[in-house]
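S.K.: My questions concern the predicted model and sequence given below.
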Amino acid sequence: MQEISWNEAIELGSPYPYALATTVDKDGRPNIIGLAWWTIVSGEPLMIAISVGHGRYSHECLGHCGEFVLCLPPEEHKEGAWLCGTTSGRKIDKFSKAGFQQVPAKVVAPPIIEGSTVAYECKVTNTLVTGDHTLFIGEVVAIHGSPERTRHLYTVHYRKVVSIDCKGHCNFAL
């Protein structure tokens, strides 16, 4: 083994599960952010954490709303999912630009992205500033899924996305 750079380590550790988080701004307008920095942090109660950069529009929305829906996009959403991770929603409607349909959530204000493989509705219970990002820790209050969609998106160091099904079969997507 040899010492390597942060970027080399991230790429060697790839792929990472790629997710989309929805939230709403102070005016109730939905926004979507693409994320690879998310994780399950508790089994009882069920909790998920997402890491969002301080300068991001979604950071502002999360600070206001205190809720998010973490959606795992299927392979069919690859282009729209990539757009959501590479474009700010401050001045555009990412739902329409990405071609996604909104589905009302059961418990939280942010919508679910129609056709997601899995969607976790979360209420933020805690935040932790971690350098240039904030960790938003959310309690899962409802879960939705599309069992017929088996291919999830993964990112290779935010340079490309690939799809892998729940049995581990890989297919390059974008």
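M.R.: All right, it came through fine.

S.K.: Are there helices or strands packed against the helix or strand where residue 141 lies, and which ones?
M.R.: Here residue 141 sits within strand 133-145, counting by DSSP states H and E. Applying 3 or more CB pairs under 8 Å, 6 or more residues apart in numbering; DSSP states H and E, one finds that strand 133-145 contacts strand 46-53, helix 57-65, strand 67-72, strand 118-130. The C-beta positions use only the backbone N, C-alpha and C, and glycine is treated the same way.

S.K.: Point out the most buried one among those.
M.R.: strand 67-72 (a mean of 26; mean count of other CB atoms under 10 Å).

S.K.: any low-confidence regions in the chain?
M.R.: 172-174 (pLDDT under 70).

S.K.: again, 80 this time
M.R.: For the chain, the stretches flagged by pLDDT under 80 are 157-159, 164-174.

S.K.: on that earlier part again, ok, residues contacting the strand holding residue 141?
M.R.: The contact list for strand 133-145, computed with CB atoms under 8 Å, 6 or more residues apart in numbering, reads 37, 41, 45-54, 59, 62, 67-68, 70, 105-108, 112, 116-129.

S.K.: try 6 Å
M.R.: 45-53, 62, 106-107, 118-128 (CB atoms under 6 Å, 6 or more residues apart in numbering).

S.K.: go on, stretch 15-29?
M.R.: Outside stretch 15-29, the residues that reach it (CB under 6 Å, 6+ apart) are 30-36, 38, 50, 58, 61-62, 64-65, 68-73, 81, 84, 109-111, 153-156, 161-162.

S.K.: Using PDB, write down the CA coordinates of it.
M.R.: Extracted in PDB, the C-alpha atoms of stretch 15-29 (Å, rounded to 0.1, in the frame of the first residue of the first chain):
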ATOM      1  CA  PRO A  15     -19.100   3.500  -6.500                       C
ATOM      2  CA  TYR A  16     -21.200   5.100  -3.800                       C
ATOM      3  CA  PRO A  17     -25.000   4.900  -3.700                       C
ATOM      4  CA  TYR A  18     -26.400   8.000  -5.400                       C
ATOM      5  CA  ALA A  19     -29.600   9.500  -4.000                       C
ATOM      6  CA  LEU A  20     -31.800  12.500  -4.600                       C
ATOM      7  CA  ALA A  21     -33.200  14.400  -1.600                       C
ATOM      8  CA  THR A  22     -36.300  16.600  -2.000                       C
ATOM      9  CA  THR A  23     -37.000  19.500   0.300                       C
ATOM     10  CA  VAL A  24     -39.000  22.800   0.000                       C
ATOM     11  CA  ASP A  25     -38.000  26.400   0.300                       C
ATOM     12  CA  LYS A  26     -39.500  29.100   2.500                       C
ATOM     13  CA  ASP A  27     -42.200  29.600  -0.200                       C
ATOM     14  CA  GLY A  28     -43.100  25.900  -0.400                       C
ATOM     15  CA  ARG A  29     -41.300  25.400  -3.800                       C
END
